[in-house]
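In: coordinates for the following, if possible.
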Amino acid sequence: MPVTPLPDTGHGASVTFGTSSWAGKILGIPTNLAIRREPVNKSNLGTSGQEEFIAGDLESLGEITLDVLFEAGRGLPATTTTAETVTITWPLNPSDGSATAANLAGTALITGTNYPALQTGQIQTGQITIKFDGGTGPTWTNAA
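Out: Have a look, this model is predicted:
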């Protein structure tokens, strides 16, 4: 009988930046990428009951904010006007037998950085915010 894969933690996930090559220590990747297709109201003066809608033409992509360990010798990447390829790679799940990790990749802009608060007894953490630009992807690739 085949074993049903179990859910896994996010430990081992990674992010790569293809142009800036920023390679810091990631604390968390709250992907929560919202992909929305806004409805278009097609109601008219003859509509009764409820408004009527059709699907919009284009999807809208939200932003992703990465939580990072701040290192003064590395800093944070600059916000960009040029898109770079960003790849978020999920960890391999030991219960599903995959040899290749799943990933989400596409061209994105670095739209914001937050430098850390400096406090006694606290690890310095920062944030990097990216927005997939819709030029290429983002494309999801299943683990295999």
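In: all strands of this structure, in order?
Out: 14-17, 25-28, 35-41, 53-61, 63-69, 84-89, 103-114, 125-132, 139-141 (DSSP state E).
In: so which of these gets nearest Thr47?
Out: strand 35-41 (9.5 Å; C-beta to C-beta). C-beta here means a position set from N, CA and C on the backbone, and glycine is covered the same way.
In: mean confidence score for that closest one?
Out: For strand 35-41, the mean per-residue pLDDT is 94.
In: same check on stretch 137-144?
Out: 92.
In: what of stretch 45-61?
Out: 95.
In: now the end-to-end length of it.
Out: 33 Å (C-alpha to C-alpha, to the nearest Å).
In: okay, buried residues for that stretch please.
Out: For stretch 45-61, the neighbour count (16 or more other C-beta atoms under 10 Å) marks Leu61 as buried.
In: save the strands of the chain as CSV, and put in distance to Ser95 too.
Out: Below are the strands of the chain laid out as CSV (distance: least, C-beta to C-beta, whole Å):
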stretch, distance to Ser95
strand 14-17, 20
strand 25-28, 22
strand 35-41, 28
strand 53-61, 31
strand 63-69, 26
strand 84-89, 18
strand 103-114, 19
strand 125-132, 30
strand 139-141, 19
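In: looking at those, which is closest to Ala78?
Out: Ala78 sits nearest to strand 103-114 of all the strands of the chain, at 6.9 Å, using C-beta to C-beta.
In: relative to strand 125-132, how tilted is the closest one?
Out: 130 degrees (axes from the mean of the first three to the mean of the last three C-alpha atoms, to 10 degrees).
In: how distant is strand 103-114 from the center of its chain?
Out: 7 Å (C-alpha atoms, centre = their mean, to the nearest Å).
In: give the rounded mean pLDDT of that strand.
Out: 95.
In: contact partners of that strand?
Out: 17, 20, 31, 33, 63, 65, 76-90, 126-133, 135-141 (C-beta atoms under 8 Å, 6 or more residues apart in numbering).
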